[in-house]
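Asks: task: produce atomic coordinates for the following.
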Amino acid sequence: MTCYFCSPSADIIATKNSLCYARWDRNPLSRGHMLVIPFRHVQDFFALSSEEKYAILELVGDCKRVIEKTEKPAGYNIGFNVGAAAGQTVMHCHCHVIPRHAGDTESPSGGVECSFHINGTIKQNTKEHVSGSRPATNGGSP
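Replies: Residues are numbered from 1 along each chain as shown. Alright, predicted model coming up:
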């Protein structure tokens, strides 16, 4: 199967550097949702070289400038889905740059870490669904 992230046409590239490019997401979660993608086919964040990680972060800043030419977001979610269990549907590493607009969710407290669908039910701003799932620590913050 052909990976459509591997050979982007010039007309979809919003900004780029030598190792990565950014494009508008085809299924945006919000107005201005962009993806930052390495040119090299690599499955996930953990397989990236240090240079590619730096290049992605550089483009995240460029994406913010591109987005803010037309949008005025109140905040951003930036992140990677790694593996099918985490929601990765295209097995070519990509970073989501998701502008957040005031009022786009009922309670954004806690960001993405506090909004999961567990067995078909959304668990928002709760921690009880993960009790006992964290390894014991030897001091420090949880």
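Asks: wait, isn't residue 52 in contact with residue 40?
Replies: Yes: Residue 52 lies in contact with residue 40 (C-beta atoms under 8 Å); the separation is 7.0 Å. For the C-beta atoms, the positions are set from N, CA and C on the backbone; glycine is no exception.
Asks: give me the low-pLDDT residue ranges for this structure?
Replies: Low-confidence segments of the chain, defined by pLDDT under 70: 1, 107-142.
Asks: which residues of it fall in helices?
Replies: Applying DSSP state H to the chain gives helices spanning 50-67.
Asks: neighbour count winner among residue 52 and residue 40?
Replies: Summary of the neighbour comparison: residue 52 and residue 40, criterion other C-beta atoms under 10 Å, with residue 52 having more neighbours (18 against 14).
Asks: per the record, what domains does this protein have?
Replies: Domain assignment of the chain by automatic domain parsing yields the ranges 10-101, 107-132.
Asks: what would those domains look like in TSV with distance to residue 3?
Replies: Supplementary listing: the domains of the chain in TSV, determined by distance: least, C-beta to C-beta, whole Å:
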stretch	distance to residue 3
domain 10-101	5
domain 107-132	25
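Asks: deepest in the core, which of those is it.
Replies: The highest average neighbour count among these, using mean count of other C-beta atoms under 10 Å, belongs to domain 10-101 at a mean of 16.
Asks: pull the contacting residues for the nearest residue to residue 53 once chain neighbours are set aside.
Replies: Excluding its sequence neighbours, the residue lying closest to residue 53 (C-beta to C-beta, 6 or more residues apart in numbering) is residue 45, at 7.6 Å. Neighbour list for residue 45: 53, 80, 82, 93, 95 [criterion: C-beta atoms under 8 Å, 6 or more residues apart in numbering].
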